[in-house]
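1. Structure for the following, please:
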Amino acid sequence: MRTIRYLIQKEFLQIMRNRAMLRIIILLPIVQLIVLVYAANLDMKNIKMGVIDKDASSASMELVSKFKGSPFYQLSFLDYSIESAENEIKTGKIDVILNIPNGFEKDLRRENKADLQILINAVNGTSAGLINSYTNSVIAEFNSSLRVQWLGPEAANKQKLNIISRYWYNRDLDYKIYMLPGILIILVTVIGMFLSGLNLVREKEIGTIEQINVTPIKKYQFLIGKLLPFWIIALFEIAFGLIIGKLLFNLPMLGNLLTLFSLSAIYLFVVLGIGLFLSTLTNTQQQLMFLAYFFMLLFILMGGIFTPAENMPDWAQKVNYINPFAYFMKAIRMILLKGSSFKDLIFEFSALSVYAISILSIASLNYRKTN
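-> Numbering: from 1, shown residues only. Okay, the predicted model is just below:
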């Protein structure tokens, strides 16, 4: 035990002397949690809308005023040529066109219906879907208010359903509190997998690992001394990230923090094991960086950080069974946003525990130490 304690002290001293690693440990959380949470925000604001109002009636102007009153739109009035408006979309100057045809109000009064044309720049499918949803909501609100004006409150209510939506777990639909747990997981994954693996390979490059190999230090003592400091640092990073999330983004913490840190501790054993395994396969830091980036990108993109993993094809969801990132991503959001307890996360705890035992065993067996 004393040998392990000395090895841990040595590792912390080396980390403190390594300025590049210190920058990653200290500055990376601040940059990721403050900058990336905003940068990875899929909320649509400042939607550039071009309006072609061929009707110029009171109804069309009221519809346009609905979009003016929305905080999401920036309106610009175009001429009557739909072709020129389409060119504006092609050049990226506007995101959506609202084309109000001639006779719009007349059709509403005579036939109780009228046509509208909405043209959306769909190069980015996610943005296009959100713009379509926002635009349809504004038009539905306009339709509702118009029915009240023309038919009266009682007649209007008889001909429609009143739908009252209630959003659970993220009442204000704030995308930042959805993204912050994902960014935090990326952070601790970088520290657990990337830095621990680089630290081991660095010993190979500078030749100090050969000196350690001929000492009486047991293999398990050496590995614990190498990995445990990064496990401790990553747990502190999680705590630091939660504090930033609470202070800057009012991140809800509905669940038990003990459950969160218990799951985090198991997940960190998984990524430490992956980092150790990759370090046994490589001899230089550059080789490890290529391998680590490959696995990290694969885990992150398939882990459901931006879109739900349930929306992926069946084969991809089956591949996700070996993706520890997906288990932890789902669990941390359930704990923080839903207030899920340990019994709700038994499957995630079990899967990560099996993963941690398996990968650490494989990595330890693959590591060779000669006495």
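2. buried sites along stretch 115-128?
-> Of all the residues in stretch 115-128, those buried under the rule 16 or more other CB atoms under 10 Å are Leu119, Ile120, Asn121, Ser127, Ala128. To be clear about C-beta, it is placed using only N, CA and C from the backbone, and glycine gets the same treatment.
3. Tell me where the stretch 101-250 of the chain has strands.
-> Assigned by DSSP state E, counting those that start in this stretch, the strands in the stretch 101-250 of the chain fall at 117-120.
4. Residue most distant from the centroid, this protein?
-> Computed with CA atoms, centre = their mean, the residue of the chain farthest from its C-alpha average is Arg110, at 49.2 Å.
5. so how far is Pro313 from that one?
-> Here Arg110 is placed at a distance of 48 Å from Pro313 (CB to CB, to the nearest Å).
6. Show the subsequent helix or strand relative to the top strand by length along the chain.
-> Criterion DSSP state E: the longest strand present in the chain is strand 47-53. For strand 47-53, the following helix or strand on the C-terminal side (DSSP states H and E) is helix 58-69.
7. Now do that following helix: everything it contacts.
-> With CB atoms under 8 Å, 6 or more residues apart in numbering as the test, helix 58-69 has contacts from 49, 51, 53, 73, 75, 98, 100, 104-105, 108, 138-139, 141-142, 145-146.
8. Quick one, which of these has the minimum pLDDT?
-> The lowest pLDDT within these belongs to Leu146, which sits at 74.
9. Disregarding residues adjacent in the polypeptide, which is nearest to it?
-> Excluding the flanking residues, the one nearest Leu146 by CB to CB, 6 or more residues apart in numbering is Ala59, at 6.8 Å.
10. do you know how far the residue nearest to Met16 when sequence neighbours are not counted is from Pro313?
-> In this structure, Met16 finds its nearest non-sequential neighbour in Leu22, 6.9 Å apart by CB to CB, 6+ apart. Distance of Leu22 to Pro313, given as CB to CB: 42 Å.
11. And the lengthiest helix in the chain, what does it pack against?
-> Selection of the longest helix in the chain by residue count, based on DSSP state H, yields helix 219-249. Contact analysis of helix 219-249 by 3 or more CB pairs under 8 Å, 6 or more residues apart in numbering; DSSP states H and E lists helix 2-17, helix 19-31, helix 175-189, helix 196-206, helix 257-281, helix 346-366 as its packing neighbours.
12. So for Lys90, which of those sits nearest?
-> Judged by CB to CB, the one of the helices and strands packed on helix 219-249 that comes nearest to Lys90 is helix 175-189, at 28.3 Å.
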